[in-house]
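Participant: Got a predicted structure plus its sequence, pasted below:
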Amino acid sequence: MTEVTSRILEAENKLVFIVNKKATKRDIKIAVEELYEVVVDKVNSTITPEGKKKAFVKLSPDYKAVDTAIKLGIL
């Protein structure tokens, strides 16, 4: 959890994950919804310069990313 990801978490209601490089946006959405019992609005992904795949998961307005992060023990 970096300072930038914590800002994204609070300001944009997004969670940030490092995921398998072969995972599709659909795979990521289904996994997050099943594991954390939330509704996902949108998934953006990118490959980092280190070669890892990072997913930005925007949650539905009905769910708060901060609450999910607390449940996960991130915050």
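Facilitator: Sure thing, it's come through. All figures in this text were calculated on a predicted structure; none of them were measured in a lab.
Participant: So residue 51 versus residue 23, what's the distance?
Facilitator: Counting by C-beta to C-beta, to the nearest Å, the separation of residue 51 from residue 23 is 14 Å. C-beta here means a position set from N, CA and C on the backbone, and glycine is covered the same way.
Participant: And those two? Which one has more around it.
Facilitator: Neighbours were counted for residue 51 and for residue 23 using other C-beta atoms under 10 Å; residue 23 has more, 17 against 7.
Participant: What backbone torsions are found at that one?
Facilitator: Reported as degrees, to the nearest 10, the phi and psi values for residue 23 are phi -70, psi 130.
Participant: show me what contacts it?
Facilitator: Neighbour list for residue 23: 31, 45, 53, 55 [criterion: C-beta atoms under 8 Å, 6 or more residues apart in numbering].
Participant: now swap in residue 15 and tell me
Facilitator: The contact partners of residue 15, by C-beta under 8 Å, 6+ apart, come to 9, 32, 56-57, 59, 65, 68-69.
Participant: I'd like the next helix or strand past the helix ranked longest in the chain.
Facilitator: Longest among the helix segments of the chain by residue count, using DSSP state H, is helix 25-36. Once helix 25-36 ends, the next helix or strand along the chain (criterion: DSSP states H and E) is strand 40-47.
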